[in-house]
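**Student:** Okay, here's the prediction I keep looking at, along with the sequence it came from:
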Amino acid sequence: MSNRLRALYLGLATITTLVTPAFAVDLTVSCRCVEGGANSNDAIFIKTKLIPAFTEKMKAEGKEVNVTLNEFGGTDEQYTQQLALDFSTGAGSDVSGFDGFLVPSFVEGGLLKPLEEVAGPEVNSWEGWSHISDGIKALLSYQGKPYGIAKGTDVRMIFTRKDLLEKAGLPADWQPANWAEILDAARKLKASGVEFPLQLNAGVAMGEATTMQGYWMALLGTGEQVTDENGKFIVSSQGILDTLNLYKTIYVDEGLGDQRAQLLADGRNQSFANFRDGKTALLVEGDYFWRSVTRPDAEFGLPNRDEVVGWAKMPAQEPGKGLRGQDFVTISGGTGFVLNPATKNPAEAWALLAYMNSVEMLDEFQKIQPAIRARDDVAIPNSEFLTTTSQTLLPLTTARPNDANYNKVSAEIQRMTESVVSGELSPEDAMAQYKTSVIAIIGEDNTVSKL
Amino acid sequence: MKQFSLLSRRVAALFLAPGAILVGLFILLPFFWVIFVSFTNRTLLGRTALNPEFVGLQNYVRLFDPATFFTRGQFGSSLIITTEFVLLSALVGQALLGLLLAWLMQAIRPGLKRFVEAMVIGAWILPEVVIGFAWFAFLDYDNGTLNMIMRGLGLPPGDFLLQQPFWVIVIFNTWRGAAFSMMLFNSAFASIPPSYFQAADVAGASSWQKFRDIALPLIRGHVVTDLILITMWTFNVFTPFLLTHGGPAYRTELLSIYNYRVAFRDFEFGKGAAVGVIIMLINLVLALIYLSIGRRKSKAEKEAAT
């Protein structure tokens, strides 16, 4: 069957190659990126560098291509929704931006196909693979097969406002050693007039940002993960309880964080605005926050970012109590681009994806937005922030389980945190509800209780 | 009795066929498909997308599981919220306000009457998305019009969408739908012969007495029709989603929004279909209750007349 498919695709590819001189091939790319909005630099890179260069390159090879970028302006959750519905009906862009953690559930649902199945065996002979580490390749892979190419990876930390820390009598290079020190600093900041000193993401509206930037960052500090060593989802444990109690302290008991930002539909932007406006001094976020959100020219940018924005490692609950006995914790994910299995022009779509990840193009991308790229032959930009954070945090990092059930459980985690942060349920009741819901969704066999 | 017909039965069937095929394809087939899917664990993502299993009544049993039924964000809690929403915003809000407006407008000058009507109908004919955003902009905490007025008057601003989300959607839906009831009652009142009221005026009846003893009994049929329609519309309304997204913490998650979340955010098609089937059954029961009331009434009227 897959051989026949491959033959069909090869045949199709040959036909399209023969026919294309007469008919231009239309290709679409989509990502959650809008020039002047979210992930603005991705949109700028694709529109001003990638598309013209790719069109030129294909023309030189005798192929006429028209590439358009669909700029998706909604939230991450809405983008996921769009992708799922598009792919299930054979619609959607040929090359689509994709968050790696969704790969398993999309693959199991038959909505994604391995790159070589979509575009043929030439995928495996791409020169770039030898320059991408297995860890980064795995970000958009499932059961050993790549479904797309990752842009790179990221790390998470506490972003700080150095000016506000100093005003509150704390050192500008403040580094907490445990949760209690974070809370103490938040109390001091609050006393010095910072309205919502500490923000740790929670709630349904923020989607995966809640799970990644909030819940995981706290939970890892208790030495636990979402799944145990056998890959079973933990539905009740002391770690979950401690994490929920941390949320309760921040949002319900002491009002150290902006509860509204966790409940409102556009709360993540509200949390960015708070940080920009000096209403929040400590915000747990990914390096995306530095690269994209606080850039001086961005919507929530700080003109003097390099002077006032600092960062600290997220400490474990107590030193040595974190995952693998670590003192500090962080977690990584990765986004990239996948090929739509329903693409009508698989060969050109692959050519575009491969060219997007060529050294030449990534060097161009680096000029627009410096980042640590997936390829080892792309120079790391001269950015002190990126170099230090990745050197410090990548050795400490971990990743989400590559499991088709993960995003369903993640949605339940978001609900659990929301019910605590809104003051609706006690941590104990919220965890009990989480346990019931998760068991109902994925079955008791896939879960484990530690209390 | 021979029926007069323009066409032979066969030709008629031929002409009907395209319409019947379309109805079958786009209404009947999906209808039965939804019922079928509600007995499976079909999802859009994950293993059960490609290999859904037949699970019998499991989806339904889980929806009515007493352990989670009343938990916020679950089916039962959503059902309760919807019932309260229908009672307050449709029956008390729209029907009562519409009746009151219609009655009051019987007494005012035609010019003013037309102006008020135009304003109220304006709320009804605007597209849902437009008014959804208009209300969101009106009620927003930081930059909302209402809070700007409150601050301007030196009053404390209110965080309406987070603190009183349920009342926000009740008032919103009342505002939205009162026009329909008003128009319906207006035309009902207009159908009452003016001589009835003139006779009552001669007898010295007050406005309330005229309303209670003349107008209300004569428009009873219209009241029933109105209640049927607005109850069913309100039961299925989705627009509050634009204001609150069903939140915060599911406090405004009406059944239609719950159904949307289960099916198209969590992508649990089987469970979502089960919710859809239950919503349909509830609508069916509502329609039957109202129809039987209406039938009993017309029967009673017929008997009284003979």
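**Tutor:** Looks like it arrived, so ask away. Numbering: from 1, shown residues only, chains lettered A, B, ... in the order given.
**Student:** contacts and neighbour counts: CA atoms only from here.
**Tutor:** Noted.
**Student:** tell me, how many neighbours does the residue in the stretch 251-400 of chain A positioned nearest to chain B end up with?
**Tutor:** Closest residue of the stretch 251-400 of chain A to chain B, C-alpha to the nearest C-alpha: residue A:263 (5.7 Å). By the criterion of other C-alpha atoms under 10 Å in any protein chain shown, residue A:263 has 23 neighbours.
**Student:** do the same with residue B:259
**Tutor:** 23.
**Student:** What strand or helix carries it?
**Tutor:** Under the criterion of DSSP states H and E, residue B:259 resides in helix B:255-260.
**Student:** could you point out which element follows that helix?
**Tutor:** Next element after helix B:255-260 (DSSP H and E): helix B:269-305.
**Student:** and the stretch 151-300 of chain A, which of its residues are near chain B?
**Tutor:** Listed as neighbours of chain B in the stretch 151-300 of chain A under the rule C-alpha under 8 Å from any C-alpha of the partner chain: A:260, A:263, A:264, A:265.
**Student:** As a check, name the ranges of all strands in the stretch 301-450 of chain A.
**Tutor:** Counting by DSSP state E, counting those that start in this stretch, the segments of the stretch 301-450 of chain A that form strands are A:309-312, A:314-315, A:328-329, A:335-339, A:447-449.
**Student:** Tell me which residues are up against the fourth one.
**Tutor:** So the one you mean is strand A:335-339. Under the criterion C-alpha atoms under 8 Å, 6 or more residues apart in numbering or on different chains, residues A:94-100, A:112, A:115, A:118, A:139-140, A:147-153, A:346, A:349-350, A:353 lie in contact with strand A:335-339.
**Student:** mind checking which helix or strand residue A:283 is in?
**Tutor:** strand A:282-286.
**Student:** With only the CA atoms kept, save that strand in CSV.
**Tutor:** Provided in CSV are the C-alpha atoms of strand A:282-286 (Å, rounded to 0.1, in the frame of the first residue of the first chain):
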residue,chain,number,x,y,z
LEU,A,282,8.5,38.4,37.7
LEU,A,283,7.0,36.5,34.8
VAL,A,284,7.6,32.8,34.0
GLU,A,285,7.9,32.5,30.2
GLY,A,286,9.8,30.9,27.4
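**Student:** what's it in contact with?
**Tutor:** A:154-161, A:186, A:197-201, A:213-214, A:275.
**Student:** what do you get if the cut-off is 6 Å, keeping everything else the same?
**Tutor:** A:155, A:156, A:157, A:158, A:159, A:160, A:197, A:198, A:199, A:200, A:213 (C-alpha atoms under 6 Å, 6 or more residues apart in numbering or on different chains).
**Student:** next one: phi and psi at the fourth one?
**Tutor:** Backbone torsions for residue A:158, taken as degrees, to the nearest 10, come to phi -100, psi 120.
**Student:** again, but for the fifth one
**Tutor:** Note on residue A:159: its backbone torsions stand at phi -90, psi 140 [degrees, to the nearest 10].
**Student:** Give the full set of residues in contact with it.
**Tutor:** Counting by C-alpha under 6 Å, 6+ apart, residue A:159 touches A:282, A:283, A:284, A:310, A:311.
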